[in-house]
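Undergrad: Got a predicted model here, sequence first, then my questions.
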Amino acid sequence: MTVRYSPKEMLARLVAFPTVSSRTNLDLIAFVEDYLAGHGVPSVRVPDATGEKAGLHAIIGPRVDGGVVLSAHTDVVPVEGQAWSCDPFTLTERDGRLYGRGTCDMKGFAALMLAAVPEMLAAPLARPIHLALSYDEEVGCLGAPHVIRAMLADGPRPDRVIVGEPSSLKVVTAQKGTGLLRVTVKGHSVHSSQWDRGVSAVATAARLIAWLDDRTRENQAAASPDSPFDPPFTTLHCGLVEGGTASNIVASLCRFTTDIRWLPEDSFDAWQARFEDFVDTQIRPGMRRIHLDADVIVERGSVVPPLRPESDGMAEALARRLTGDNAHHAVVYGTEAGQFQDAGLSTVVCGPGSIDQAHQPDEFIDTAQLAAGARIMSRLVEALST
């Protein structure tokens, strides 16, 4: 059955699915499949390895190269521990704002592109519009690469991508990369009165964390005043550390995780290599002079590539035409944009809502932003039509 939704009605349906990254998103994916099928649009489900989550892609218009991808992730962050004034999974409207988990990040954009399907189908599109939904963006952008590969394998090949993360409908052409290093320090435990016979995992971890912080401060001091990023330098931040068993025991184990957000002109590989060189030359030898089994193990976590500014980028030109925004914008939060760009597709970030509301209690999107986004969707359909 053909069902039409306004953007607000579609957003209400999407918010009602509690697609926190730790849970399945299959109910939402099934809803989208049924909705698209009701309009005669076939879609392709892209399951993850567990079968508990999936992405989806679909094509509207002629099956020719040169189309545009509209991309959104379906997962949201948890609400536990947050003070909400309303049910986070029921869309609530108050004073020109639509409240609910994911309204801003980023089911608002998903609602816009899905609500526009009937308009897309009614238009004489000369080039296709690809709809792409991913999973596990909030835990490392894990799902998008699978959706991208499936979409490109099935063809036809698009040449422009708009990732609808909240940018207040500004055209974002640059984004920092994000990567994790998980570090395990294995020391040698002794009574604290025999400190000189042990290897403190906690003290060693502290030296490593201090090295990371020192590099961040060096980057800050050398930052270019012309950088569009805020902050305008690569940051190496330790946000999680745990170790030790008692105050009078030299700790045998300590673990910490560092979050590196690097400028597009930097390299995560290079920062990891510098860190491991410090371990190899300044840390591990001293540990092993006391105990041969002492060690530092560095494991690479998720790495999300940056979005690099493109010279005469096709996606940028299209987004500026649709929005009227000709300023230059860069963001420091992670998105899937760099993954599309690494696949050879011209990409920008442009979506409704402010990142200031993302992940917050009483997350919201302004109704005016949703309405403006709907007008942009109409302009996109017109731009791709004969």
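TA: Cool, got the structure.

Undergrad: thought Arg182 was touching Val296?
TA: No: taking contacts as Cβ atoms under 8 Å, Arg182 lies outside contact range of Val296: 11.5 Å. For every residue, glycine as well, the C-beta is placed using N, CA and C.

Undergrad: In terms of neighbours, single out the busier of the two.
TA: Shown here are Arg182 and Val296; by other Cβ atoms under 10 Å, Val296 has more neighbours (22 against 14).

Undergrad: The more buried one is in contact with Ile283, isn't it?
TA: Yes: shown here, Val296 and Ile283 form a contact pair, counting by Cβ under 8 Å, at 5.9 Å.

Undergrad: Overlap of the contact sets of these two?
TA: Thr204, Leu208 (Cβ atoms under 8 Å, 6 or more residues apart in numbering).

Undergrad: May I have the secondary structure class of Ala153?
TA: At Ala153 the chain is in helix, as set by DSSP: H, G, I helix; E, B strand; the rest coil.

Undergrad: before we move on, what about Met10?
TA: helix.

Undergrad: my read is Arg261 is in a strand, agree?
TA: Yes: Arg261 sits within a strand when classified using three-state DSSP.

Undergrad: Which stretches in the stretch 101-250 of the chain count as strands?
TA: With DSSP state E, counting those that start in this stretch, the ranges of strands along the stretch 101-250 of the chain come out as 129-134, 160-163, 172-175, 177-186, 235-243.

Undergrad: Can I get the first one as CSV, trimmed to CA atoms?
TA: Provided in CSV are the C-alpha atoms of strand 129-134 (Å, rounded to 0.1, in the frame of the first residue of the first chain):
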residue,chain,number,x,y,z
ILE,A,129,19.0,9.4,-6.4
HIS,A,130,20.6,6.7,-4.2
LEU,A,131,19.3,6.3,-0.7
ALA,A,132,21.8,4.8,1.8
LEU,A,133,21.2,3.9,5.4
SER,A,134,24.0,2.5,7.6
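
Undergrad: rewinding a little: can I get the strands of the stretch 101-250 of the chain in a markdown table including mean pLDDT and distance to Asn326?
TA: As requested, these are exported to a markdown table (pLDDT from 0 to 100; distance: least, Cβ to Cβ, whole Å):
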| stretch | mean pLDDT | distance to Asn326 |
| --- | --- | --- |
| strand 129-134 | 98 | 24 |
| strand 160-163 | 98 | 16 |
| strand 172-175 | 98 | 11 |
| strand 177-186 | 98 | 26 |
| strand 235-243 | 97 | 29 |
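
Undergrad: which residues sit in contact with Lys8?
TA: Leu91, Glu93, Leu98, Ala111, Thr367, Leu370.

Undergrad: what's the most distant pair in the residues you listed?
TA: The span of these, defined through Cβ to Cβ, is set by Glu93 and Ala111 at 13.8 Å.

Undergrad: So which residue is dead centre in the chain?
TA: Nearest residue to the geometric centre of the chain (Cα atoms, centre = their mean): Thr335, 3.3 Å.

Undergrad: neighbours of the spatially closest residue to that one that is not a sequence neighbour, just the number please.
TA: Leaving aside its sequence neighbours, Thr335 sits nearest to Glu165 (Cβ to Cβ, 6 or more residues apart in numbering; 4.7 Å). Neighbour count for Glu165, taken as other Cβ under 10 Å: 28.

Undergrad: Glu165 and His329 touch, don't they?
TA: No: look at Glu165 against His329 with Cβ under 8 Å: they stay out of range, at 11.7 Å.

Undergrad: any common contacting residues for the two?
TA: Residues touching both Glu165 and His329 (Cβ under 8 Å, 6+ apart) are Val172.

Undergrad: Output the strands of the stretch 101-250 of the chain in TSV; the columns should cover distance to Gly55.
TA: Shown next, in TSV, are the strands of the stretch 101-250 of the chain (distance: least, Cβ to Cβ, whole Å):
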stretch	distance to Gly55
strand 129-134	5
strand 160-163	14
strand 172-175	20
strand 177-186	20
strand 235-243	28
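
Undergrad: out of the ones you listed, which comes closest to Ala319?
TA: With Cβ to Cβ as the yardstick, what comes closest out of these is strand 160-163 (6.1 Å).

Undergrad: Using PDB, list the CA coordinates for that closest one.
TA: Extracted C-alpha coordinates of strand 160-163, given in PDB (Å, rounded to 0.1, in the frame of the first residue of the first chain):
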ATOM      1  CA  ARG A 160      28.300  12.800  -5.600                       C
ATOM      2  CA  VAL A 161      27.400  12.200  -2.000                       C
ATOM      3  CA  ILE A 162      25.600  14.300   0.600                       C
ATOM      4  CA  VAL A 163      26.000  12.900   4.200                       C
END
